[in-house]
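Student: coords please:
(chains A, B, C and D)
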2 protein chains.
Amino acid sequence: MYRIGELASLCEVKPDTLRFYEKHGLLAPSSRSESGYRVYSDADLSRLKFILRAKAVGFSLNEITELLSIELNKAEWACADVKGMVDDKLEQVSAKIAELLVFQDSLKRLSDACCGGPESAEHCSILEALETNRQVQAEHHAGFTPVADNKNLKASLAISAANKGKSSCC
Amino acid sequence: MYRIGELASLCEVKPDTLRFYEKHGLLAPSSRSESGYRVYSDADLSRLKFILRAKAVGFSLNEITELLSIELNKAEWACADVKGMVDDKLEQVSAKIAELLVFQDSLKRLSDACCGGPESAEHCSILEALETNRQVQAEHHAGFTPVADNKNLKASLAISAANKGKSSCC
DNA sequence: CTTGACCTTGGATTAAACTCCAAGGTTTAT
DNA sequence: ATAAACCTTGGAGTTTAATCCAAGGTCAAG
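Tutor: Okay, the predicted model is just below:
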């Protein structure tokens, strides 16, 4: 049994977020204390973890509500309806996995190309890695638009560099 | 070469979205016509596809900007920095894939449980499928909170049912 | 028995990502 | 040659998902 602050810090969200989820029907505490405090159970924790996992892979809160609604409430939904919906979600999930695998491959390729040697430096962009990935093209794009806005990239690289000392390439 | 409307309908977004992406430095047309119309190239199309793919798997536009910024601009970034960043993104992507695989497994399990026979109807919820998935538990959760808000679920099921006639279970 | 860290509600504010609108210029098909 | 269907800019409005604030109640420690 957890109070709102405990559950929040367990899952690294804010109490306000949990109240927000409650207001929108995603997660209600299974009980309240005498004084009116929200009390969450382990089942609630599982549910929250599910919500956060779904959110992390690009489902909207509405879609997550749908996912959580998949229950055979015979009064309202026929099994066929539910199966149709599950199949839809399965397709979405499979599509996401496929796209992520392409990303993963591209990033690995990029990592290799970038750090294999100093001479390949000008081929170091994710888009080139992506394209080399899909169709091996003889013709090489000449002009490459540089990205203007580097303000928070700078910050994230600082963090990235601080977090791990494994920058050993080139 | 595409005008904004063509590119938009090709990728199933709105022209306004493309102008929005331009304003925020994600995608600028490689040229303009005499009259000032935006003209997009195939490289721009690739870039847009990349953006949409990244968005679909849960990256924010800021993160996508970072991904697109991964170029070895030696004047600004050391290779080690870039590698650190790529590694970070790789970890994120791997984590997302792992989570999606859990989803996929759960959904498959749910689909099977739901439509194997009418007697297992009350076990038809994604959360139960998820938990059965992780640890086989002897104890069974008694109370299961039903979800209140079914308004757009109804709509999506209608679409789902209309789209495919393969609802043949139970 | 009060101080500090919690919790409650309701409502306002924010940030991200579009989405729409108005007023006008351009292209294309009849 | 003119209407329909595009395009331009600037700015306002919307939706989603929080996040913050104010005014007050609860609880454990010293």
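
Student: quick one: the strands in chain A?
Tutor: Applying DSSP state E to chain A gives strands spanning A:31-32, A:38-39.

Student: Output those as CSV; include the columns distance to residue A:57.
Tutor: Using the backbone N, CA and C atoms, a C-beta is placed for each residue, glycine as well. As requested, the strands of chain A are arranged in CSV below (distance: least, C-beta to C-beta, whole Å):
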stretch, distance to residue A:57
strand A:31-32, 30
strand A:38-39, 27
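
Student: which of those is buried the deepest?
Tutor: strand A:38-39 (a mean of 18; mean count of other C-beta atoms under 10 Å in any protein chain shown).

Student: elements contacting it?
Tutor: Applying 3 or more C-beta pairs under 8 Å, 6 or more residues apart in numbering or on different chains; DSSP states H and E, one finds that strand A:38-39 contacts strand A:31-32.

Student: Which strands border the strand it packs on, and is each parallel or antiparallel?
Tutor: Take DSSP bridges as the rule and strand A:31-32 pairs in its sheet with strand A:38-39 (antiparallel).

Student: Give me the contacts around the partner strand.
Tutor: Contacting residues not belonging to strand A:38-39 are listed as A:1, A:2, A:3, A:4, A:18, A:22, A:29, A:30, A:31, A:32, A:33 [C-beta atoms under 8 Å, 6 or more residues apart in numbering or on different chains].

Student: Just the buried subset of those, written out for PyMOL, thanks.
Tutor: Selecting the buried subset of the contacts of strand A:38-39 in PyMOL, with 16 or more other C-beta atoms under 10 Å in any protein chain shown as the burial test, is done by:
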select buried, chain A and resi 2+4+18+29+30
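
Student: Show me which of the contacts of strand A:38-39 is closest to residue A:62.
Tutor: Proximity of the contacts of strand A:38-39 to residue A:62 was ranked by C-beta to C-beta; the top entry is residue A:22 with 15.8 Å.

Student: and the closest one, what does it touch?
Tutor: So residue A:22 contacts A:28, A:29, A:38 (C-beta under 8 Å, 6+ apart).

Student: Relative to residue A:91, how far out is residue A:49?
Tutor: Taking C-beta to C-beta, to the nearest Å as the criterion, residue A:49 is separated from residue A:91 by 24 Å.

Student: ok, and which of the contacts of strand A:38-39 reach DNA strand D?
Tutor: residue A:33 (C-beta under 7 Å from any atom of the strand).

Student: which among the contacts of strand A:38-39 gets closest to DNA strand D?
Tutor: When those are compared for distance to DNA strand D (C-beta to the nearest atom of the strand), residue A:33 wins out at 5.8 Å.

Student: Can you name the residues that contact that closest one?
Tutor: Residue A:33 is in contact with residue A:39, counting by C-beta under 8 Å, 6+ apart.

Student: Torsion angles phi and psi at it?
Tutor: In this entry, residue A:33 is assigned phi and psi values of phi -80, psi 170 (degrees, to the nearest 10).

Student: So which residues on chain A come close to DNA strand D?
Tutor: Taking C-beta under 7 Å from any atom of the strand as the criterion, the neighbours of DNA strand D within chain A are A:13-14, A:16-17, A:19-21, A:33-37, A:55, A:60-62.

Student: burial of residue A:98, as a residue count?
Tutor: Here the count is done by other C-beta atoms under 10 Å in any protein chain shown, and residue A:98 has 13 residues near it.

Student: meant to ask about residue A:53
Tutor: By the measure other C-beta under 10 Å, the count of residues near residue A:53 is 19.

Student: ok, it touching residue B:99?
Tutor: Yes. Under the criterion of C-beta atoms under 8 Å, residue A:53 is in contact with residue B:99, at a separation of 5.0 Å.

Student: Which of the residues of chain A next to DNA strand D has the largest number of neighbours?
Tutor: Among those, where neighbours are counted by other C-beta under 10 Å, the top count belongs to residue A:21, at 20 neighbours.

Student: what is residue A:39 paired to in the beta sheet?
Tutor: With DSSP bridges as the rule, residue A:39 is bridged to residue A:31.

Student: so how far is DNA strand D from it?
Tutor: Distance from residue A:39 to DNA strand D, counting by C-beta to the nearest atom of the strand, to the nearest Å: 11 Å.

Student: If you rank every helix and strand of chain A by mean pLDDT, what lands last?
Tutor: Within chain A, no helix or strand scores below helix A:151-163, which has a mean of 43 by mean pLDDT, DSSP states H and E.

Student: Packing partners of the helix ranked longest in chain A?
Tutor: Determined from DSSP state H, the single longest helix within chain A is helix A:79-116. Helix A:79-116 sits against helix A:61-69, helix A:126-134, helix B:42-56, helix B:79-116, helix B:151-163, with contacts defined as 3+ C-beta pairs under 8 Å, 6+ apart.

Student: Determine which of these shows the lowest mean per-residue pLDDT.
Tutor: Lowest mean pLDDT within those: helix B:151-163, a mean of 43.

Student: how close does the closest residue to residue A:100 other than its chain neighbours sit to residue A:86?
Tutor: In space, residue A:100 comes closest to residue B:97 once its chain neighbours are excluded; the distance is 4.9 Å by C-beta to C-beta, 6 or more residues apart in numbering or on different chains. Shown here: residue B:97 relative to residue A:86, a distance of 21 Å by C-beta to C-beta.
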